[in-house]
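Chemist: below are the sequence and a predicted model for it; my questions follow.
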Amino acid sequence: MKFLTPFLVMIFCCSNLFSAGQAESGRSASYNAAETNQFAESSQIDTAAAINDYDFPYEINPQEDVSVFVQLEKNRTLKTENNLFNENLNLFIGLRVNEKNFFAKETVNYIIFLQSPELLRDDGLKNSLIDVLTELRRSQPAEGVLGIFTEEDTGIKEISSVSSVRNIISELKESKKQSTTSAIIDRIINYRSGVPNDFLTRIVWISNSDPFKDAGERQMINFFMELSSQNNISFSYLIYGETPDYGNLNDRRVLRRERKRYNDMPNWEAINSALVKYGGNSYFAQSPSELKEIITDDYNKFIYPAVRDIKISVILKPWISPRINNAEIKNMDYDEHRMFLHPITLKLQYPQTNRNNPEENDEIKEIFETGIIPIGMCIIQYYSLNEEKTVYKTFPLEIASTDDYGEYAAGMNTVIQDYAVLQKTGEILKQLSYFRNRNIQTDAYFNMALRVNQQIRDLEKIYNGQSNQIIESDVEVLEMNLNLLLEQIRKSEYMK
């Protein structure tokens, strides 16, 4: 299909339709690129955020602040005649935070920083800021600071009353030029030092550009965010502006500046990587009404702090590969979820010996006697603000052996199998960036076209005619990218 339906376009444009709502995955970048006969840049797709766009598959425990699910895709492995186990499977780790009414409301500081010079020229944005700050001032306790500033202001303009909102917005100074990231960070540090309390502080950084693109700037921002997180300051990053309609970027008549604007699409992978470590959310708004909705949602979640300092560790046995890196998440908001899907391989044969580890040899012998194969252990810890303590949860992982294929097939976890398929969509969209370079072997186009087509078929099996907005939109975008691949194949030397 050449064009998405208006309904599916709306899905890409409205970030809050996605289930998680905390981190932009870059799905809109794939759509916008395909509409201009291009493949998206790799940095514009965050595969970790992409899987969390989908609904969480399990119900929460209403008695816990965080419900944790750690499951293997299979609970059986086939034993071959030569005593060999060789199994590929997925490890699913999912966390879902409880609902808003489970947590206590806190007094906080909430400050907006308008970075880009031209933002203040948008009357619609000004009016949205007036509306949303008026609403926040009504709900914000007097002890907490509600404020706003730009690059040119000498300090945070504190909004102390509802009646002062309009005047403060009108007094904001428009920047004559855009400062360097280091200068902006220095200014924010100085401004925050003037806040007269130790409450949790959220700074919403609103910009129409992406300082995370440059490696040097990114290193500075990451340091600054880590420093701030140690002082109970977190950031939400909101990129504001309409997604440009460039036409065909391969057309020489398209202006160079329009090409540059497309390449300036946000590096969501870098942005989310920083925010997941140091707290905060990423957003993309294309209209004043979306900006208002996003700020309201970000504020409401920030004043109900749920859990923080989440750490996920997976310890695997020597016969499991590859190793899984530990994950750390600074904080999670109410109703938020995070899902991790790790493909692993079990490879074990008996008899085998490890001269350096006799205990391992005994364990392998026991495995073949009992038919139970330990996989490892998952340990999850987090600080519960309700209980005011660190909570530890451990999940031993094991799989049983069988020589009965019916029993083996019955032990499949179809939910995890479906999510393994869903995860591949983000991975494929990211890998398609390889084809932005047209000087590659035609065989690579063949292989990727087959892979994209197979992914479309697999997604269609999952939703099977039922309504699922995100999967349907994924299918549409994959079809657009498949058409781009087929067009390049038609132009290749094989077709001449």
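Modeler: That came through, no problem. Residues are numbered from 1 along each chain as shown.

Chemist: could you pull out the helices for the stretch 1-150 of the chain?
Modeler: Using DSSP state H, counting those that start in this stretch, the helices of the stretch 1-150 of the chain run over residues 6-13, 27-35, 47-51, 123-139.

Chemist: next, format those helices as JSON lines and append mean pLDDT.
Modeler: Compiled in JSON lines, the helices of the stretch 1-150 of the chain are given as follows (pLDDT from 0 to 100):
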{"stretch": "helix 6-13", "mean pLDDT": "39"}
{"stretch": "helix 27-35", "mean pLDDT": "81"}
{"stretch": "helix 47-51", "mean pLDDT": "86"}
{"stretch": "helix 123-139", "mean pLDDT": "93"}
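
Chemist: which one of these lies closest to residue 93?
Modeler: helix 47-51 (11.3 Å; CB to CB). In short, each C-beta sits where N, CA and C put it, glycine included.

Chemist: what sits up against the closest one?
Modeler: When contacts are defined by CB atoms under 8 Å, 6 or more residues apart in numbering, helix 47-51 is touched by residues 20, 23-27, 268, 272, 276, 339, 341, 419, 422-423, 425-427, 429-430.

Chemist: convert the C-alpha atoms of it to PDB, please.
Modeler: These are the backbone C-alpha positions of helix 47-51, laid out as PDB (Å, rounded to 0.1, in the frame of the first residue of the first chain):
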ATOM      1  CA  THR A  47      13.800  -1.400  19.600                       C
ATOM      2  CA  ALA A  48      13.700  -1.500  23.400                       C
ATOM      3  CA  ALA A  49      10.900   1.100  23.400                       C
ATOM      4  CA  ALA A  50       9.200  -0.500  20.400                       C
ATOM      5  CA  ILE A  51       8.200  -3.700  22.300                       C
END
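
Chemist: please pull out the lowest mean pLDDT helix or strand from the protein.
Modeler: helix 6-13 (a mean of 39; mean pLDDT, DSSP states H and E).

Chemist: residues near residue 82, how many?
Modeler: Residues near residue 82, counting by other CB atoms under 10 Å, number 7.

Chemist: hang on, it packs against residue 349?
Modeler: Yes - here residue 82 reaches residue 349: they are 7.4 Å apart, a contact under CB atoms under 8 Å.

Chemist: what residues go with each domain of this structure?
Modeler: Split into domains by automatic domain parsing, the chain comes to 57-104+305-496, 107-302.

Chemist: low-confidence stretches in the stretch 351-496 of the chain?
Modeler: Scanning the stretch 351-496 of the chain for pLDDT under 70 picks out the ranges 351-359, 437-438, 493-496.

Chemist: hmm, 90 instead?
Modeler: In the predicted model, the stretch 351-496 of the chain carries pLDDT under 90 at residues 351-369, 371, 403, 433-444, 463-470, 487-496.

Chemist: show me where it has its helices.
Modeler: Using DSSP H, counting those that start in this stretch, helices in the stretch 351-496 of the chain cover 358-370, 405-410, 414-431, 442-463, 469-490.

Chemist: in TSV, list these along with distance to residue 33 and mean neighbour count.
Modeler: Converted to TSV, the helices of the stretch 351-496 of the chain look like this (distance: least, CB to CB, whole Å; neighbours: other CB atoms under 10 Å):
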stretch	distance to residue 33	mean neighbour count
helix 358-370	49	13
helix 405-410	40	12
helix 414-431	9	19
helix 442-463	14	16
helix 469-490	9	19
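
Chemist: could those helices be laid out in a markdown table, adding distance to residue 151?
Modeler: Output for these, formatted as a markdown table (distance: least, CB to CB, whole Å):
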| stretch | distance to residue 151 |
| --- | --- |
| helix 358-370 | 60 |
| helix 405-410 | 62 |
| helix 414-431 | 34 |
| helix 442-463 | 44 |
| helix 469-490 | 37 |
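
Chemist: so who does residue 478 touch?
Modeler: 425, 428, 429, 452, 455, 456, 459.

Chemist: could you do residue 405 as well?
Modeler: Per CB under 8 Å, 6+ apart, neighbours of residue 405: residue 78.

Chemist: quick one: residue 37 and residue 484 touch, right?
Modeler: Yes - shown here, residue 37 and residue 484 form a contact pair, counting by CB under 8 Å, at 6.4 Å.

Chemist: which SS state does residue 163 fall under?
Modeler: helix (DSSP: H, G, I helix; E, B strand; the rest coil).

Chemist: run a quick neighbour tally on it.
Modeler: Residues contacting residue 163 under the criterion other CB under 10 Å number 10.

Chemist: circling back to that earlier point, closest to residue 300 out of the helices of the stretch 351-496 of the chain?
Modeler: Using CB to CB, the nearest of the helices of the stretch 351-496 of the chain to residue 300 is helix 469-490, at 23.4 Å.

Chemist: I'd say residue 432 and residue 448 touch.
Modeler: Yes - the criterion here is CB under 8 Å, and residue 432 meets it with residue 448 at 7.0 Å.

Chemist: and the spatially closest residue to residue 375 that is not a sequence neighbour, how far from residue 104?
Modeler: Once flanking residues are discounted, residue 375 sits nearest to residue 397: 3.8 Å by CB to CB, 6 or more residues apart in numbering. In this view, residue 397 and residue 104 are 35 Å apart by CB to CB, to the nearest Å.

Chemist: check residue 91 too.
Modeler: 34 Å.

Chemist: more neighbours, those two?
Modeler: Using other CB under 10 Å as the criterion, residue 91 and residue 104 rank with residue 91 on top: 22 against 10.

Chemist: isn't that one up against residue 339?
Modeler: No - Residue 91 is beyond contact range of residue 339, at 11.4 Å (criterion: CB under 8 Å).

Chemist: where exactly do the helices run in the stretch 201-350 of the chain?
Modeler: Under DSSP H, counting those that start in this stretch, the stretch 201-350 of the chain gives helices at 215-229, 256-263, 268-278, 288-302.

Chemist: can I get those helices in CSV including mean pLDDT, mean neighbour count and distance to residue 363?
Modeler: Converted to CSV, the helices of the stretch 201-350 of the chain look like this (pLDDT from 0 to 100; neighbours: other CB atoms under 10 Å; distance: least, CB to CB, whole Å):
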stretch, mean pLDDT, mean neighbour count, distance to residue 363
helix 215-229, 78, 16, 40
helix 256-263, 44, 13, 53
helix 268-278, 74, 22, 36
helix 288-302, 93, 20, 46
